[in-house]
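Student: sequence unknown, structure follows:
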Ligand code: NDP
């Protein structure tokens, strides 16, 4: 592809604008009307709580079903996304910039004093736009922070499925593509199955909604986490049976550690007496879990996530670093995040945290880090 055609493939068309707005409209409507568990969010500083309708899995299954039916009736092209990947990338980027500028202006003008909408203005325009002004802005009754993260995870799956359709259309469906797709489908479905866990994450509880989160959710997640799929469209990999089995093992171990660790903490927070691996939990200072995965490393859940990320890339072989973008990025992100979380917890739990560090010396990877 020459430089001029590369540049022109980034220029948004009305079709990509339509696809994006069609997707957002569907999500807004489906999220508001489909049934789902109503999960209370964290207690906010003014004593209020938001409630999140966790119907992401149903919205996703219905959307995929509708698209499949549309394709079967010849109304929808399954390669609509993969045919205009770069265009959709720039359209989504421009949308993120516009929406966060609007959020910035709306935030600055707001007189609301509630914890969700009270403006936090530093006066540094770039800083305020980047980190956001309000904690939980909404549009037409839809909580935007929860909406965007859902859109990002679903967008990733839709891109992947469209890439899969393209590889079938081009008659180059490979074992590598099947493995990559399978692992991602399981990961994303699992995410929506446990969507309520999302309501207690740092991003939802504590981060304001600015460009950093909107760009991360709408552009970064779907377009960079799918690099392996795009790469496999134009690169052939011959995997041995042993390599495929090893790849599946990395995925299964990663999944068990990731989901197991997050679930153990979630269960412990809800009921500090909940059994861990069939035994009563060991606890330090009455607050921190030292049993199960949380007794192996202080952030075993990050280890699981890293193994999963690696398993998404291994189907691409080792001939190029490009498909390893996601695990490398995640390694840097999670080491940085673990450091931030560590100092937050040290400040919050004081000597209890020091005791926990003594009991569990490893940060992420036992005997390594
Ligand atoms: P965690 O779910 O690890 O939460 C950390 C918090 O848990 C601490 O601040 C503390 O909060 C509490 N805690 C820590 N240790 C203990 C313990 N032993 N017992 C009880 N509570 C404890 O952090 P994240 O929100 O960063 O991660 C959630 C998941 O999301 C992870 O699996 C991570 O891998 C994944 N993630 C994925 C990303 C991606 O791009 N793929 C990006 C970021 C995260 P408290 O004050 O409540 O006690």
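Tutor: Perfect, I can see it now. Quick caveat, the model's predicted, so the values are computed rather than measured.
Student: for the ligand, what are the nearby residues on the stretch 151-300 of the chain?
Tutor: Taking CB under 6 Å from any ligand atom as the criterion, the stretch 151-300 of the chain approaches the ligand at residues 201-202, 258, 262, 265, 268, 288-289, 294, 299. Where C-beta positions appear, they are placed from N, C-alpha and C, glycine not excepted.
Student: show me what contacts residue 120?
Tutor: Residues counted as contacts of residue 120 (CB atoms under 8 Å, 6 or more residues apart in numbering) are 128, 133-135, 208.
Student: who touches the host helix or strand of residue 100?
Tutor: If you go by DSSP states H and E, residue 100 is part of helix 85-109. Here helix 85-109 makes contact (CB under 8 Å, 6+ apart) with 6, 9-13, 16-17, 19-20, 81, 119, 121, 125, 128-129, 132-134, 137, 144, 155, 159, 209-211, 214-215, 218-219, 222-223, 230.
Student: Okay, buried residues for that helix please.
Tutor: For helix 85-109, burial by neighbour count (16 or more other CB atoms under 10 Å) applies to 85-93, 95-96, 99-100, 103-104, 107.
Student: Of those, which pair is most distant in space?
Tutor: The two members of these with the most space between them (CB to CB) are 85 and 107, at 32.2 Å.
Student: What count of nearby residues applies to residue 192?
Tutor: Applying other CB atoms under 10 Å, we find 20 residues neighbouring residue 192.
Student: surely it meets residue 149?
Tutor: No - here residue 192 lies out of contact with residue 149, judged by CB atoms under 8 Å, at a distance of 11.1 Å.
Student: Can you tell me the centre-most residue of this protein?
Tutor: Centroid check for the chain by CA atoms, centre = their mean gives residue 153 as the closest residue, at 5.4 Å.
Student: Just to be sure, that residue is in a strand?
Tutor: No - when the secondary structure is assigned by DSSP: H, G, I helix; E, B strand; the rest coil, residue 153 falls in helix instead of a strand.
Student: please renumber so the chain begins at 521
Tutor: Got it, the first residue is 521 from now on, which makes the last one we talked about residue 673.
Student: which one's the longest helix in this structure?
Tutor: Of all the elements of type helix in the chain, the one with the most residues (DSSP state H) is helix 761-790.
Student: Tell me the gap between that one and the middle of its chain.
Tutor: Between the mean C-alpha point of helix 761-790 and the mean C-alpha point of its chain there is a distance of 16 Å (CA atoms, centre = their mean, to the nearest Å).
Student: which other helices and strands contact the helix or strand just after it?
Tutor: Using DSSP H and E, the next helix or strand after helix 761-790 towards the C-terminus is strand 803-804. Helices and strands in packing contact with strand 803-804 are listed as helix 871-879; criterion 3 or more CB pairs under 8 Å, 6 or more residues apart in numbering; DSSP states H and E.
Student: who touches the helix it packs on?
Tutor: Residues beyond helix 871-879 that count as contacts (CB under 8 Å, 6+ apart) turn out to be 804-805, 807-808, 810, 815, 818, 865-866, 869.
Student: for the residues you listed, which one is nearest the ligand?
Tutor: Distance ranking of those against the ligand, using CB to the nearest ligand atom, places residue 808 first at 4.1 Å.
Student: which residues touch that closest one?
Tutor: Counting by CB under 8 Å, 6+ apart, residue 808 touches 814, 869, 872-873, 876.
Student: which strands and helices sit next to the helix or strand hosting residue 725?
Tutor: Residue 725 belongs to helix 722-726 when elements are defined using DSSP H and E. Using 3+ CB pairs under 8 Å, 6+ apart as the contact criterion, the secondary-structure elements in contact with helix 722-726 are helix 664-689.
Student: chain center to the helix it packs on, what's the gap?
Tutor: With CA atoms, centre = their mean as the basis, the mean position of helix 664-689 lies at 11 Å from the chain mean.
Student: cool, and stretch 714-728?
Tutor: Taking the mean of its C-alpha atoms, stretch 714-728 sits 11 Å from the chain's own mean (CA atoms, centre = their mean).
Student: returning to what we had before: highest neighbour count among the contacts of residue 808?
Tutor: Taking other CB under 10 Å as the neighbour criterion, residue 814 ranks highest of these with 24 neighbours.
Student: Just the pLDDT at that one, thanks.
Tutor: Among the per-residue scores, residue 814 holds a pLDDT of 94.
Student: For residue 837, see how far away it is.
Tutor: Separation of residue 814 from residue 837 (CB to CB, to the nearest Å) stands at 35 Å.
Student: what's the answer for residue 849, then?
Tutor: On the measure of CB to CB, residue 849 and residue 837 end up 19 Å apart.
Student: Counting neighbours, what do you get for the nearest residue to residue 548 once chain neighbours are set aside?
Tutor: What sits nearest to residue 548 in space, not counting adjacent residues and going by CB to CB, 6 or more residues apart in numbering, is residue 662, at 5.5 Å. By the criterion of other CB under 10 Å, residue 662 has 16 neighbours.
Student: Going toward the C-terminus from the helix or strand containing residue 647, what's the next helix or strand?
Tutor: Assignment of secondary structure by DSSP H and E places residue 647 within helix 645-651. Where DSSP H and E defines the elements, the next helix or strand beyond helix 645-651 is strand 658-659.
Student: Can you list the strands that that following strand pairs with?
Tutor: Each strand that pairs with strand 658-659, with its direction, by DSSP bridges: strand 662-663 (antiparallel).
Student: ok, and what's touching the strand it pairs with?
Tutor: Residues external to strand 662-663 that are found in contact with it (CB under 8 Å, 6+ apart): 548, 551-552, 570, 572, 656.
Student: okay if I get the residues you listed as CSV plus neighbour count?
Tutor: Supplementary listing: those in CSV, determined by neighbours: other CB atoms under 10 Å:
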residue, neighbour count
548, 16
551, 23
552, 12
570, 20
572, 23
656, 20
